[in-house]
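Student: Give me a model of this one.
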Amino acid sequence: MSGFTPADLVQLPRLGGLAASAIGKMTLAAGEGQKGMSKPVAKAYTSLGAAHAALQASMVAQFGDSDLDDEADEPATQEVDRIVDNCWSGLDDRLLGFTKLPAGTPRLAEAATLRRRLFPEKLSFLKLPYKLEWSESKVRLDLIERDNLAPAINDLAGKQFLPAILEAHANYGKALGMDKPLPGVEAAPQVKGALDAFASALRAYVVKVMGSVDDDVPATQALADKLLAPLASWTSSAPKAAKDEAPAGGTASAPTAPADGGTSGGG
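Tutor: Below you'll find the model as predicted:
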């Protein structure tokens, strides 16, 4: 009888190529220079780095460097990023202001609930790399459409906000090339293979990190929280319906992540 594998124990977000590249970069950065890793965790971290490098190389070979560049400081990209940031933060400001009105004010509770749904981690997603921020912005727009939140936003914040956010998000996607999806996995088997290998390495890393926690040693939990923070912050913003879904064949779950313009798979 065979034992459990990391794939059995960890349900990852469904990651496309661009999203996997971004979350891999962030996870590796979280572990860089961290002291106190156990040997199994350190070994899994090294394997994750190798898998991420292979994924990067396969995507560059298939699509070119420009599709992976989340750190470009082109003035035009900076400007559309600033506009997106301002639009979302402006909506947050309006909802926050509403919640400061006296108790008993009509629709105060509704405004507070709407703000929590749209910004569960406040505005931290606006500090993510460009393409990952675009994905997080899309999560919120999809949530608004799926749950018909537009009327509440219009009533509580003003009818100017949602159209402005939609336009800014669309311009952001064009500036980042997100309006031109990369070819599907059928046309890029080498990318799919690298993506699957990265997902396996990430699952193994999560299992090793979680397994290193000793309830009698608080420092081990603190270290695990730091190492897995990028994955936790990614999944925390997914729509509530995705969070409530039972994982298929897994015990430690993470909700479905937003799709990006990359190849799908690795979930």
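Student: When you work out contacts or count neighbours from here on, use the C-alpha atoms and nothing else.
Tutor: Fine.
Student: Below-threshold pLDDT in the chain: ranges please.
Tutor: 1-9, 13-16, 62-73, 179-188, 233-267 (pLDDT under 70).
Student: for it, what spans make up the helices?
Tutor: For the chain, the helices defined by DSSP state H cover 6-9, 17-31, 39-63, 75-99, 108-118, 130-146, 150-156, 161-176, 189-211, 218-227, 229-236, 240-244.
Student: In CSV, list those helices along with mean neighbour count and distance to Ser124.
Tutor: Listed next are the helices of the chain as CSV, based on neighbours: other C-alpha atoms under 10 Å; distance: least, C-alpha to C-alpha, whole Å:
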stretch, mean neighbour count, distance to Ser124
helix 6-9, 17, 29
helix 17-31, 21, 14
helix 39-63, 19, 24
helix 75-99, 18, 10
helix 108-118, 18, 12
helix 130-146, 20, 9
helix 150-156, 16, 21
helix 161-176, 19, 17
helix 189-211, 22, 23
helix 218-227, 17, 16
helix 229-236, 17, 9
helix 240-244, 13, 18
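Student: Wait, Ala224 touches Met210, no?
Tutor: Yes - assessed by C-alpha atoms under 8 Å, Ala224 is found in contact with Met210 at 6.6 Å.
Student: what domains does the record give for this structure?
Tutor: In terms of domains, the chain is parsed into 6-67+184-253, 71-176 (source: automatic domain parsing).
Student: so what's Leu95 up against?
Tutor: Contacts for Leu95 (C-alpha atoms under 8 Å, 6 or more residues apart in numbering) come out as 111-112, 114-115, 156-157.
Student: ok, it to Ala164 distance?
Tutor: Noted for Leu95: a distance of 16 Å to Ala164, by C-alpha to C-alpha, to the nearest Å.
Student: cool, and Pro129?
Tutor: 21 Å.
Student: Likewise for Trp88?
Tutor: 9 Å.
Student: Output stretch 163-170 as CSV, nothing but the C-alphas.
Tutor: The C-alpha coordinates for stretch 163-170 follow below in CSV (Å, rounded to 0.1, in the frame of the first residue of the first chain):
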residue,chain,number,x,y,z
PRO,A,163,-16.4,52.4,-14.8
ALA,A,164,-13.1,54.1,-13.9
ILE,A,165,-11.7,50.9,-12.4
LEU,A,166,-12.8,48.8,-15.4
GLU,A,167,-11.1,51.2,-17.9
ALA,A,168,-7.9,51.4,-15.8
HIS,A,169,-7.8,47.6,-15.5
ALA,A,170,-8.2,47.2,-19.2
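Student: How far off centre is that stretch?
Tutor: 20 Å (C-alpha atoms, centre = their mean, to the nearest Å).
Student: residues in contact with it?
Tutor: If you take C-alpha under 8 Å, 6+ apart as the criterion, stretch 163-170 is touched by 80, 83-84, 87-88, 134, 137-138, 141.
Student: Recalculate using a threshold of 7 Å.
Tutor: 80, 83-84, 87-88 (C-alpha atoms under 7 Å, 6 or more residues apart in numbering).
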